[in-house]
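*Asks:* Return a 3D structure for these sequence lines:
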Amino acid sequence: MRVVYRLSSKDLSAVPAEAAWAESMGYDGVCSNETAHDPFLPLALAATSTSRVTLDTRVAIAFPRSPMVVAYTAWDLQELSKGRFRLGLGTQVKGHIERRFSTQWASPGPKLREYVESLRQIWAGWSDGNRLNYQGQHYQFSLMTPFFSPGPSQYPPPPIFTGAVNSYNCRVAGEVSDGLMLHSLTSAEYVRQVVRPNLARGAKKSGRDPASISVSGGGFIITGPNRSSLAGMEAEVRRRIAFYASTRTYFPVMEAHGFDEVGPRLHEMSLRGEWAEMAELISDDMLHAFAVIGEYDEIADKFAQQYGGLVDEVSFSPSATMPIDEGQLRKIIRQFQEKG
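*Replies:* Here you go, the predicted structure:
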């Protein structure tokens, strides 16, 4: 199993050292997300201080950016990293697309399919010089002169991973993506019942082998040196579960475990701004459904027991509030890698 580290430096000047440290710990990849910062810039810096790890956006929000803009950025990062970049794309929810990004909303699944298809056609045109002509409902690309083409690369086009929660987007990933990235609010049962079957249906529709599509993720991981050290992390994960579960997009994950009534209650509380109180609705059953919990010496085994055969890589980063000895961290990473 591959193990991926999430970059956490808010100061861009600290990213090269952090990425180099992650590589020295034995991680297989590093990733950056799009929350309060751009997801691409940290990876450009990480490419300059590493030589082995993959560099992933996990995720870049697709729809506020034209596929053409992302095509250039991804192509350049693939060159800079000598073929180690992986483009991870996510759709975000309607409220953010319309109100945070001021971008037009459309049904995300079909639009994401076209997004990936158009990226591949743009890259293919740069590689072989053929005329660009992609015509979809949401995206149309028909102009690419030699002046604006970077031309062929010595590296293959970056792999494309897409985020998916609902059944439709899992099928889209199976149809067009190189990999599927699970949301943090997930469970082994949801992956088994919903994600994997729909990924296989999408792959079958496109004549692909489902086994060729990597699945990355595996919910929340809570670990520490002893039982008492886990309590603080459990409280933080309860808050994060409550935050995600208050969004209607993630209600199907809750419903798969019989928590149908909790999501709407959390949503109403979020509208009233009751963020501090929302975690009180997250029961022990919910915490254990969406998190793998164990001490340092057992966490890899516990993760493998739940997600073995369901995911190909895991995102695991030590908590900033609970520093971990580097020797212990290297041991945990090796255990994850050996359990896959």
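
*Asks:* Where does residue 52 sit: helix, strand or coil?
*Replies:* The three-state label given to residue 52 by DSSP: H, G, I helix; E, B strand; the rest coil is coil.

*Asks:* Now do the helices in the stretch 151-300 of the chain.
*Replies:* For the stretch 151-300 of the chain, the helices defined by DSSP state H, counting those that start in this stretch occupy 167-176, 188-190, 196-205, 227-245, 251-255, 262-271, 275-278, 284-290, 299-307.

*Asks:* The ones you listed into TSV, with extra columns for mean pLDDT and mean neighbour count?
*Replies:* No exception for glycine: its C-beta is placed from N, CA and C like everyone else's. Formatted as TSV, the helices of the stretch 151-300 of the chain follow (pLDDT from 0 to 100; neighbours: other Cβ atoms under 10 Å):
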stretch	mean pLDDT	mean neighbour count
helix 167-176	97	23
helix 188-190	95	20
helix 196-205	98	19
helix 227-245	92	17
helix 251-255	93	19
helix 262-271	96	17
helix 275-278	93	14
helix 284-290	96	17
helix 299-307	96	19
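
*Asks:* Rebuild those as a markdown table, extending it with distance to residue 333.
*Replies:* Shown next, in a markdown table, are these (distance: least, Cβ to Cβ, whole Å):
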| stretch | distance to residue 333 |
| --- | --- |
| helix 167-176 | 26 |
| helix 188-190 | 21 |
| helix 196-205 | 25 |
| helix 227-245 | 18 |
| helix 251-255 | 27 |
| helix 262-271 | 34 |
| helix 275-278 | 33 |
| helix 284-290 | 23 |
| helix 299-307 | 9 |
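
*Asks:* Please name whichever of those helices is nearest to residue 69.
*Replies:* Nearest of those to residue 69, taken as Cβ to Cβ: helix 167-176 at 19.2 Å.

*Asks:* Endpoints of stretch 12-31, how far apart?
*Replies:* From its first residue to its last, stretch 12-31 covers 14 Å (Cα to Cα, to the nearest Å).

*Asks:* no, scratch that, I was asking about stretch 133-143
*Replies:* 8 Å.
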